[in-house]
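# got a sequence here, can you build the structure:
(2 chains)
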Amino acid sequence: MRPRRIAADFQVVVRSYLRNPVALFFSLIFPIILIALFGLIFSGVGNSPVSVQVLNLDHNSAVSQEFLYDLNQTSVVKVQFVNWNETQFASLLGRNDDPIGLVIPDGFQANYTARTPVAVTVYTDPEDAADSGAVLGAVQGVSNYFNLNASGGSEIVTIEQKYVGSQVFSYIDYLIPGLIGFSILTSPMFSMVDVAASYRKEGIFRQLSLTPLTRAEWLTSHFLWYMGLTIVTAGIMIGAGLVLFGAHVNVTLGLIPFLIVGPLFFVSLGMLAGSVARTPESAALIGNIITFPMMFLSGTFFQVSDFPPALQSFAHILPLYYVIDGMNQVMLFSNTTRALTDLLIVLVGSIVVFLLAIRFFTWRDE
Amino acid sequence: MVDAIEVSHLVKRYGELAAVNDVSFSVRAGTVFSFLGPNGAGKTTTTEILEGLRRSTSGEVRALGLDPWTDATELHRRIGVIPQDFRFFEKITPREAVRYYGELFGTAPDPDRLLERVQLADKAGSRFDTLSGGQKQKLGLALALTNNPEVCFLDEPTTGLDPTARRAIWEVIRTLKSEGRTVFLTTHYLEEAELLADSVAIIHHGRIIAAGTPAEIIATHGRPEHLRFQAAPALADYLRPKLGLRVTAADGRVDVELSSKADALRVLAAVEASGLPWASFSTAQDTLEDVFVRLVGQMDEGTLKSEGAA
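Below you'll find the model as predicted:
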C-alpha cells in the first residue's frame, strides 16, 4: 500500500465524480429531498392529542365542566364541543373527520352529587384502534379520579412519568440516523457494483493491472471517496433535519467512526458483489438483492423495534442495522456501550468483506 | 544481440480447444516485431500471455528474461501496453491521465511533452469521452510510454483510424525503435507490418505458419516477379503454349511469372504478336499481403480437404 498511488487514484475518482453533474446532484440534493419528504409525511405522528367530539347534555354543569377540563388536561384528548341532536350523534360522528365522541348525560352532576351511578358514553372508531384505546383510557382515568374523590378517598398509587433516555424523540429524530444509514448503504453499493462490472467489461481493470497500482490501493481510494461523501451527506442531512424540523439529535464526534466504518463495509461489499457477477446485468441484480432488504428493514425509515418479532430477528442479521443502531445510540440515547458494540460488529464485518473483495476481485484472467 | 522475447512450445488451452498450439518465436531487443494472423488465430491470447495478463497452459515464455505470469509486477514496470480499443476514465483529460500514470509508476513525465510526442498536445485538456478514436489510441500510446518501457506491446494500434492518424502512429513506432526500444506490433494491416517490421510471424489456427523478415517470407512463400496485363483470359490461353512460363488470368488481369529479367522482352513480343487487345502492363511482385492471403487460404483449403476426407 503506497499512499502516493492511493492519492493519485483518489484524485481520479474525485474528478470523475465531480465532473458528473447528475451524480453530484443526487449525492448532495437527494439527502435533503429525503429528509424533507419523509419529515413532512411523518412529522406529528403519535404526538398530537386525539380530537373528541363532546356532546354535553348536562347543561354545562360545574361537575361536567370539571370532568371535561380534566380530560383535556391529560393531553391525550382534545375536547371539541358539538351541538348535535342526541339521536343523530352517532351518524353525524360517523361522517366527521375525527369520528370519536363522548356524551355526558343529562343529570350527570345531580347523580354524581347524590352518589348514584351514572354512565358517560364513549363512541370509538373501529378503524382506529390506537386512538380509540387512548381516548377510552383517558376517560377511564378521569372517571376513576372522580370516583375516588366522591368516596372521599385519596390517591395511594400515583404515577410519575419518565422517558427512556433524557427526552422524548419524534419521528424526525429517528429519521436522521436512519437516512444517514440509507445513504451509507446505497451510494457505495449501487456505484461500486456498477464500477466493478463495467470497468472489467471495458478493460479498464486490465489497463490498471499493467500499472503498479494494487487492488487494495484501488479499493482504498474508492473507500476514501465514499467516506468523504458520507460525511458531507450526513452533515447536510443533520443540518436539514435541525433547520427544517427542529430535530433533537446529538451532533458529536462519536458519529464519525460510523461514517468511516459504514462506507468501508459497503464499498467492499459492492466490490465483492460486482466481482462475483459475470456480466453488468447480473451484477446489478446481485446488488439489488443485497441492497433492497437492507434499505427498508435496517431501521432506515421505520424503527426495527416496531417490527414483528420474526422481522426483528431478520433485521439483526443485516449489517446496516448495526450501523444505524449505533448512530441511534450516539445521536439519541447517548448509550456509549451499545454504540461501541455496534461499531465493533461493523468493523469486524468490514475487514472480512474488504479482504474477501480483494480476494475475489481480479484484474487478470487465468 | 539479446532476445527481448522468447517463446518456445507455447500452448494455451480452453477446455478442448487449443487457442495457441506449440508456438515458438523470438524477438530481438531493439527491433520491431510484427505478429500477424486472421481474427481468432491466437494473436491476442499469445500477446496477453507475454504481457502477464493470461496464464499459459504449457511451454516456456520469457519477456525481458522474466516469467510474465509470476514476475508480472516487475515486468509491468518495464513494458508498455496499448490494448486494442483503448478505454479510460471518461471524465479525465489526457494531461491528467499522464500525471496519474506518472504517479502510479513513480516516474515524473512532463505531460505536455509526452502528449506532443504522440501528437495529442492540442487535446491535452479535453476529457477522454470527447476524444475521437484516433485520439484515444494516441493517449493509450502516451500512457504506455510514461514508464519509459523497454518493450512496447501495441495491439492493433491503428485499427479503425483514418490514414492521417495511422501515419502519426507509424511515426511514433519508428521513433520508439530509434530510441532502442523493442516494439511488439499486432496488426491486421500487412502493409503496416511490411513498412515497419524488422521481423514478422504469421499465426493461423494457433500455429506459426511463417516467420522471418518480410523479404524472407516473400522470397520463401511468394511467387516470382511477374508481368501484369489488363486483358481478357484469351490472352493467357494464347501465351501459355508459346512461352513455357506460368500464366494466370483473374479479375481482368493476366499475370505472367518471369524466371529471369530477360523473359520480360520475350513476353512483350509474344503479346504484341498475338494481335489480341490489352490495355496496360506493369511489373509486379508479391507483397506480404499476397503471401499472407495465399498461405492462410491454402491452409484453410487443406483443413477443409482433410476434414472432408475424414
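
# mean pLDDT per helix and strand in chain A: which one sits at the bottom?
In chain A, the helix or strand scored least confidently by mean pLDDT, DSSP states H and E is helix A:21-42, which has a mean of 82.

# just the residues contacting that helix, thanks.
A:17-18, A:171-172, A:175-176, A:179, A:182-183, A:187, A:191, A:229, A:232-233, A:236-237, A:240-241, A:244-245, A:301 (Cβ atoms under 8 Å, 6 or more residues apart in numbering or on different chains). Yep, even glycine has a C-beta here, placed from its N, CA and C like the rest.

# repeat that for 10 Å
Helix A:21-42 is touched from outside by A:16-18, A:20, A:170-172, A:174-176, A:178-180, A:182-183, A:186-187, A:190-191, A:226, A:229-230, A:232-241, A:243-245, A:247, A:300-302, with contacts defined as Cβ atoms under 10 Å, 6 or more residues apart in numbering or on different chains.

# and the residue of the stretch 1-150 of chain B nearest chain A?
Closest residue of the stretch 1-150 of chain B to chain A, Cβ to the nearest Cβ: residue B:103 (3.5 Å).

# and that residue, how many residues sit next to it?
Look at residue B:103: counted by other Cβ atoms under 10 Å in any protein chain shown, it has 23 neighbours.

# contacting residues for it?
A:2, A:4-9, A:11-12, A:211-213, B:146.

# what about residue A:173, distance to residue B:54?
56 Å (Cβ to Cβ, to the nearest Å).

# where do the strands sit along chain B?
B:3-14, B:17-28, B:32-36, B:58-63, B:79-82, B:151-155, B:182-187, B:199-204, B:207-212, B:226-231, B:247-250, B:253-257, B:278-284 (DSSP state E).

# the second one pairs with which strands, and in what direction?
Looking at strand B:17-28 with DSSP bridges, its paired strands and their directions are strand B:3-14 (antiparallel).

# then the last one?
Strands adjacent to strand B:278-284 in the sheet, as given by DSSP bridges, are strand B:226-231 (antiparallel).

# which of the residues in the strand it pairs with are buried?
Using 16 or more other Cβ atoms under 10 Å in any protein chain shown as the test for burial, strand B:226-231 gives B:226, B:227, B:229, B:231.

# what does stretch A:347-361 give?
By neighbour count on 16+ other Cβ under 10 Å, the buried set for stretch A:347-361 is A:347, A:349, A:350, A:353, A:354, A:356, A:357, A:358, A:361.

# quick one: low-confidence ranges for the stretch 251-366 of chain A?
Of all residues in the stretch 251-366 of chain A, those with pLDDT under 70 make up the ranges A:365-366.

# ok so, going back, can I get the next helix or strand after the least confident helix or strand of chain A as CSV, trimmed to CA atoms?
The first helix or strand that comes after helix A:21-42 along the chain, using DSSP states H and E, is strand A:50-56. The C-alpha trace of strand A:50-56 is given here as CSV (Å, rounded to 0.1, in the frame of the first residue of the first chain):
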residue,chain,number,x,y,z
VAL,A,50,-56.9,12.9,19.7
SER,A,51,-59.9,15.2,18.9
VAL,A,52,-63.0,14.0,20.6
GLN,A,53,-66.4,15.4,19.8
VAL,A,54,-68.2,16.0,23.1
LEU,A,55,-72.0,16.5,23.5
ASN,A,56,-72.6,17.8,27.0
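
# who does strand A:50-56 pair up with?
Using DSSP bridges, the strands paired with strand A:50-56 are strand A:77-81 (parallel), strand A:101-104 (parallel).

# all helices of the stretch 201-310 of chain B, in order?
Taking DSSP state H, counting those that start in this stretch, the helices of the stretch 201-310 of chain B run over residues B:214-221, B:233-243, B:263-274, B:288-309.

# what separates the shortest one from the chain centre, distance-wise?
Going by Cα atoms, centre = their mean, to the nearest Å, the spacing between the C-alpha centre of helix B:214-221 and its chain's C-alpha centre is 15 Å.

# neighbouring contacts of it?
Helix B:214-221 is touched from outside by B:34, B:36, B:190, B:193-202, B:209-213, B:222, B:285-288, B:290-292, B:294-295, B:298, with contacts defined as Cβ under 10 Å, 6+ apart.

# who's sitting farthest from the centroid in chain A?
Distance from the centre of chain A peaks at residue A:114, with 52.5 Å (Cα atoms, centre = their mean).

# that one is in contact with residue A:63, isn't it?
No. Residue A:114 is not in contact with residue A:63 according to Cβ atoms under 10 Å; the separation is 11.4 Å.

# intersection of neighbour lists for those two?
By Cβ under 10 Å, 6+ apart, the residues touching both residue A:114 and residue A:63 are residue A:150.

# spatially nearest residue to the residue of chain A found nearest chain B (excluding sequence neighbours)?
Per Cβ to the nearest Cβ, residue A:8 is where chain A lies closest to chain B, at 3.5 Å. The shortest distance from residue A:8 to any non-neighbouring residue, by Cβ to Cβ, 6 or more residues apart in numbering or on different chains, is to residue B:103 (3.5 Å).

# same deal with residue B:74?
residue B:66 (5.9 Å).

# now the helices for chain A?
Taking DSSP state H to define them, one finds helices in chain A at A:3-18, A:21-42, A:62-73, A:89-95, A:108-113, A:129-150, A:171-202, A:204-209, A:215-245, A:256-276, A:280-297, A:309-315, A:319-328, A:336-360.

# count of neighbours near residue A:58?
22.

# show me what from the stretch 101-250 of chain A comes close to chain B.
Residues of the stretch 101-250 of chain A lying close to chain B by Cβ under 10 Å from any Cβ of the partner chain are A:198-199, A:201-204, A:206-214, A:217.

# most neighbours, which of those?
Ranking those using other Cβ under 10 Å puts residue A:210 first, with 27 neighbours.

# so that residue sits against residue B:83, correct?
Yes. Contact criterion Cβ under 10 Å: residue A:210 and residue B:83 qualify, at 8.7 Å.

# list residues touching both of those two?
B:51, B:53, B:144, B:153.

# how about the residue lying closest to residue B:230 once chain neighbours are set aside, what does it touch?
Closest residue in space to residue B:230, ignoring its immediate chain neighbours: residue B:279 at 3.8 Å, by Cβ to Cβ, 6+ apart. Applying Cβ under 10 Å, 6+ apart to residue B:279 gives the contacts B:229, B:230, B:231, B:252, B:253.

# kindly state the beta-bridge partners for the third one.
The partner list for residue B:231 in beta bridges (DSSP bridges) reads residue B:278.

# quick one: contacts for it?
Counted by Cβ under 10 Å, 6+ apart, residue B:231 has contacts B:238-239, B:249, B:252-254, B:271, B:274, B:276-281.

# give me that answer again for 7 Å
Contact analysis of residue B:231 by Cβ atoms under 7 Å, 6 or more residues apart in numbering or on different chains lists B:254, B:276, B:277, B:278, B:279.

# thinking again about what came up before, which pair in the contacts of residue B:103 spans the largest distance?
The largest separation in the contacts of residue B:103, counting by Cβ to Cβ, is between A:6 and B:146 at 18.2 Å.

# pass me the low-pLDDT residue ranges in chain B, would you?
Checking chain B against pLDDT under 70 turns up B:1, B:302-310.

# any idea which residue is closest to the centre of it?
In chain B, the residue lying closest to the centroid (Cα atoms, centre = their mean) is residue B:187, at 3.8 Å.

# residue contacts, that one?
Counted by Cβ under 7 Å, 6+ apart, residue B:187 has contacts B:34, B:36, B:156, B:158, B:193.

# redo that, cut-off 10 Å
B:34-37, B:43, B:154-159, B:193, B:196-197, B:200.

# residue B:87 now?
A:198, A:199, A:201, A:202, A:203, A:204, A:206, A:207, B:128, B:136, B:140.
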